[in-house]
Structure formats: C-alpha cells, structure tokens
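Colleague: curious how this folds, go ahead:
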Amino acid sequence: MKKDIHPNYHPVQVSLADGTIFTTRSTMPSETYSSEVDSTNHPFYTGKRQFVDTAGRVEKFKRRYGSKNADAAEGAE
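Modeller: Residues are numbered from 1 along each chain as shown. The predicted structure follows:
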C-alpha cells in the first residue's frame, strides 16, 4: 500500500439524543460526535407524524400563481 494517501482513521465517541454513548472509528476530524436525531426521537421510527397543513399550501400556491393562470386562460378565449 502507498504511504500517506489514506485519511486518519481513529476512534470517535458518539453520543445520541437519548444519552447513549458508543465508540466507533471514523475519518472525522473531531474525537466526539453528538447527534440530535436518533431512532428514539425520529418520526419515522416513533410513528408520530407531524401533519403538514397541505390545504394552506394549496391556497398559498393558488394565491401566488392562480391569478396568472386564470388571466392567461381568459386571454386565450
């Protein structure tokens, strides 16, 4: 193997949002990593969804672009 072409691969201590701490190896420049999202609080794993106001988004879209499309359709008649 060639020398001095590989990144520094060293132990890194990972701390998750639920307080779990484990050690792994990484090429990250720091020796510690803190995660704000893990399987205990991510909506995909917990099943708790944040419902988005889709009706509000549709109304906003219609306010922003609906009048332009309506004007173009009236002009085409």
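Colleague: point to the residue nearest the middle of this structure.
Modeller: Val37 (9.8 Å; CA atoms, centre = their mean).
Colleague: where does the chain dip in pLDDT?
Modeller: Scanning the chain for pLDDT under 70 picks out 49-55, 67-77.
Colleague: tell me where the chain has strands.
Modeller: For the chain, the strands defined by DSSP state E occupy 10-15, 21-26, 32-34.
Colleague: who's in contact with the shortest one?
Modeller: Which is strand 32-34. Residues outside strand 32-34 that contact it (CB atoms under 8 Å, 6 or more residues apart in numbering) are 12-15, 26. To be clear about C-beta, it is placed using only N, CA and C from the backbone, and glycine gets the same treatment.
Colleague: quick one, which of these are buried?
Modeller: With neighbours counted by 16 or more other CB atoms under 10 Å, these contain buried members at 12, 14.
Colleague: widest-spaced pair of the contacts of strand 32-34?
Modeller: Maximum pairwise distance in the contacts of strand 32-34, criterion CB to CB, is 13.7 Å, between Ser15 and Ser26.
Colleague: got the contact list for Glu31?
Modeller: Applying CB under 8 Å, 6+ apart, one finds that Glu31 lies in contact with 10-13.
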